[in-house]
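Undergrad: test case, fold it:
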Amino acid sequence: MTDETKKNGTDEEINETVVDLEADAPVEEAADAEIAEPDPIDLLREENEKQRDQLLRLAAEMENLRRRTARDVKDAKAYSVTAFARDMLGVSDNLRRALDSLPEDKRSDEIKGFVEGVEMTERSMLSALERHGVKTIEAEGQKFDPHFHQAMFEVPNPEIPSNTVVQVVQTGYMIGDRVLRPAMVGVSKGGPKAEAAQQQPAEDKPE
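TA: Numbering: from 1, shown residues only. Have a look, this model is predicted:
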């Protein structure tokens, strides 16, 4: 075998190898393409989960909106007359002041009808306010509560527990669950509670 024949034979083998590699390449690329392509069912499941999540969020938002709207409507019905009721309380206070300014011994028969008319007007006004949710704050004898009472002065009284409402200067009112006007009160000072804090327990005293 000559050198030329050996050379040609080697070239032919190389060419055949190149051809074989090129023939196998499309098959491998096709196989890779099939592996890389996502499963349509998985895509549908993923899309379904996204849609479900969006629907749940939307349903939750709509429920929250419904609750807020219902609460706002309820508050609007309950507290829509707040400003008007507060103004009417001022009128009621003036009627009460007019009655209190007239001593009992001065209420003669001539003005008895007038006094009764003013009292009836006051009661009628308070009844109308009560029908719209306005209630009186019962303060006298109660423990002082800054949420419902406004302290105007202190009354020293060792026989009554400290911070007890002993006098109501101006009646307080509530509308629904809100304070329309706090009660202006006088509270006790120096009662049993204060004395107990100052006294030393008997068992602690030296013999």
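Undergrad: can you count the residues close to residue 172?
TA: With neighbours defined by other Cβ atoms under 10 Å, the count for residue 172 comes to 21. No exception for glycine: its C-beta is placed from N, CA and C like everyone else's.
Undergrad: now do the contacts for the residue lying closest to it once chain neighbours are set aside.
TA: By the measure of Cβ to Cβ, 6 or more residues apart in numbering, the closest residue to residue 172 outside its immediate chain neighbours is residue 183, 2.9 Å from it. Applying Cβ atoms under 8 Å, 6 or more residues apart in numbering, one finds that residue 183 lies in contact with 137, 139, 148, 149, 150, 165, 168, 170, 171, 172.
Undergrad: regarding residue 168, what is its secondary structure?
TA: Under DSSP: H, G, I helix; E, B strand; the rest coil, residue 168 falls in the strand class.
Undergrad: my read: it touches residue 187, true?
TA: No - with contact defined as Cβ atoms under 8 Å, residue 168 does not count as touching residue 187 (10.8 Å).
Undergrad: neighbour count for the two, which is higher?
TA: residue 187 (22 against 18).
Undergrad: quick one: the more buried one is in a strand?
TA: Yes - Residue 187: assigned to a strand according to three-state DSSP.
Undergrad: how about it: which residues does it bridge to?
TA: Beta-bridge partners for residue 187, by DSSP bridges, are residue 154, residue 165.
Undergrad: surely it meets residue 160?
TA: No - here residue 187 does not reach residue 160: they are 9.4 Å apart, not a contact under Cβ under 8 Å.
Undergrad: can you give me the buried ones in stretch 143-154?
TA: When neighbours are counted by 16 or more other Cβ atoms under 10 Å, the buried residues of stretch 143-154 are found to be 144, 148, 149, 150, 151.
Undergrad: what is the nearest of the residues you listed to residue 111?
TA: Of all the buried residues of stretch 143-154, the one sitting nearest residue 111 is residue 150; the distance, using Cβ to Cβ, is 33.9 Å.
Undergrad: now that closest one, nearest residue through space, not along the chain?
TA: Computed as Cβ to Cβ, 6+ apart, the closest residue to residue 150 that is not its neighbour in sequence is residue 182, at 4.4 Å.
Undergrad: how is the protein carved up into domains?
TA: 13-75, 136-199 (automatic domain parsing).
Undergrad: what mean pLDDT does the lengthiest helix in the chain have?
TA: Here the longest helix in the chain is taken by residue count, with DSSP state H as the criterion, and it is helix 40-79. Predicted confidence along helix 40-79 averages 88 (mean pLDDT).
Undergrad: the chain should start at 83 in everything you say after this.
TA: Understood, numbering begins at 83; the last thing we discussed is helix 122-161.
Undergrad: name the residues of that helix that come out as buried.
TA: Of the residues in helix 122-161, those with enough neighbours to count as buried (16+ other Cβ under 10 Å) are residue 161.
Undergrad: check contacts around the residue nearest to residue 232.
TA: Under the criterion of Cβ under 8 Å, 6+ apart, the contact partners of residue 264 comprise 219, 229, 230, 231, 232, 254.
Undergrad: run the last query once more with 10 Å
TA: Residues in contact with residue 264 (Cβ atoms under 10 Å, 6 or more residues apart in numbering) are 219, 221, 227-233, 252, 254-256.
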